[in-house]
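S.K.: The sequence and its predicted three-dimensional model are supplied below.
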Amino acid sequence: MHSLEISDLITAVDPRTGHRLPIQRAEVIRRLRESGDERAARIVAGLPAGPDGVLDPDAVDRLLISVHTELQRLSEELRIGERLVQLLGPLFTAIRETDGPGYGCRAGRRRSRCSAGR
């Protein structure tokens, strides 16, 4: 699995002024290829850049908005949060009701008692 995210590499902001900084497309492509993510490198290579090689900020914004919109749509469609609650809720309930030695505190104490500082 690749550790670099396109969105992290195609945007940068000056921390003092809040102004967007120019991003060299070739540098982003190089970093993605070095990390082994050829697919991401091809995506960035397809983004428009000026004659100086700086990514077009409007194209970057359009890409980020498009990705965000699609993630939002998928989140609403798949309802992953609700499904996780349904799946893990009973498991957490069973763990809370378990009587036995706790982990991460003094031997023989239940987790809830250890957490309460008793």
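M.R.: Looks like it came in fine.
S.K.: Which helix in this structure has the most residues?
M.R.: Using DSSP state H, we find that the single longest helix of the chain is helix 57-78.
S.K.: Could you list the buried residues of that one?
M.R.: Val60, Leu63 (16 or more other C-beta atoms under 10 Å). All C-beta spots, glycine's among them, are computed from the backbone N, C-alpha and C.
S.K.: Ramachandran angles for Val44?
M.R.: Dihedral pair for Val44: phi -70, psi -40, per degrees, to the nearest 10.
S.K.: Tell me where the chain has helices.
M.R.: Ranges of helices in the chain, per DSSP H, are 6-9, 25-34, 38-45, 57-78, 80-97, 111-115.
S.K.: What angle do helix 38-45 and the second one make with each other?
M.R.: Right, the one you point to is helix 25-34. Counting by axes from the mean of the first three to the mean of the last three C-alpha atoms, to 10 degrees, helix 25-34 lies at 170 degrees to helix 38-45.
S.K.: one step back: turn the helices of the chain into a markdown table, columns for mean pLDDT and distance to Pro15.
M.R.: Output for the helices of the chain, formatted as a markdown table (pLDDT from 0 to 100; distance: least, C-beta to C-beta, whole Å):
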| stretch | mean pLDDT | distance to Pro15 |
| --- | --- | --- |
| helix 6-9 | 97 | 15 |
| helix 25-34 | 98 | 19 |
| helix 38-45 | 97 | 24 |
| helix 57-78 | 94 | 18 |
| helix 80-97 | 89 | 32 |
| helix 111-115 | 54 | 38 |
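S.K.: Good, wrapping up.
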